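Novice: The sequence and its predicted three-dimensional model are supplied below.
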Amino acid sequence: MSATWPQPQRHHGQGAASAAPRPTFPHQMSTAALGVVTITPRALAALMHQNTSPVLLLRRHCLGDWGEVTAEDKRVNAMAARNNGRVCSRYRLPAGTLIYVITEGDAGWRATVLMTPEEY
């Protein structure tokens, strides 16, 4: 199955000063910390059906915007992001479908999976 994802919008303006401010999150992971990235068939179908790129969710996950998680989950994720632990994000797509993004492993081996709650 071949997927075509929407391209990010580019804003044309007078340099960086005209760009909208981006939110910052104190607990970021590098994209290398994602390790091997996989996506389950159900998650892929949901993302394609709603014309949402998995890269957008992975970017939020790396930036420390973990979506719809509890305050306790945020605390655990912040610690895990600093220590190569398990980081779990939960994002709701426009039609209401939930997608989980989970990164786990250790300093020597990491993996990230995008899945639906039913596949968890």
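Specialist: Structure received. Remember, it's a predicted structure, so these values are computed and weren't measured experimentally. Residues are numbered from 1 along each chain as shown.
Novice: and the lengthiest strand in the chain, how far out from the chain's middle?
Specialist: Looking across the chain with DSSP state E, the single longest strand is strand 98-105. On the basis of Cα atoms, centre = their mean, to the nearest Å, strand 98-105 sits 8 Å off its chain's mean C-alpha point.
Novice: next one: stretch 53-70
Specialist: Distance, centroid of stretch 53-70 to centroid of chain: 3 Å (Cα atoms, centre = their mean).
Novice: Straight-line length of it, end to end?
Specialist: One end of stretch 53-70 sits 24 Å from the other (Cα to Cα, to the nearest Å).
Novice: What of stretch 44-57?
Specialist: For stretch 44-57, the end-to-end distance is 12 Å (Cα to Cα).
Novice: One more: stretch 58-70?
Specialist: One end of stretch 58-70 to the other measures 19 Å (Cα to Cα).
Novice: tell me which residues in that stretch are buried?
Specialist: The neighbour-count check on stretch 58-70 (16 or more other Cβ atoms under 10 Å) flags Leu58, Arg60, His61, Cys62, Gly64, Asp65, Trp66, Gly67, Val69 as buried. No exception for glycine: its C-beta is placed from N, CA and C like everyone else's.
Novice: quick one: which of these sit in helices?
Specialist: Leu58, Arg60, His61, Cys62 (DSSP state H).
Novice: right, and the helix or strand after the longest helix along the chain?
Specialist: Counting by DSSP H, the longest helix found in the chain is helix 71-82. Following helix 71-82 in sequence order, the next helix or strand is strand 87-92 (DSSP states H and E).
Novice: low pLDDT regions in the chain?
Specialist: Within the chain, the segments meeting pLDDT under 70 span 1-27, 31-32.
Novice: Would you convert the buried residues of stretch 58-70 into JSON lines that also reports distance to Thr38?
Specialist: Shown next, in JSON lines, are those (distance: Cβ to Cβ, whole Å):
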{"residue": "Leu58", "distance to Thr38": "11"}
{"residue": "Arg60", "distance to Thr38": "18"}
{"residue": "His61", "distance to Thr38": "14"}
{"residue": "Cys62", "distance to Thr38": "16"}
{"residue": "Gly64", "distance to Thr38": "22"}
{"residue": "Asp65", "distance to Thr38": "21"}
{"residue": "Trp66", "distance to Thr38": "19"}
{"residue": "Gly67", "distance to Thr38": "19"}
{"residue": "Val69", "distance to Thr38": "21"}
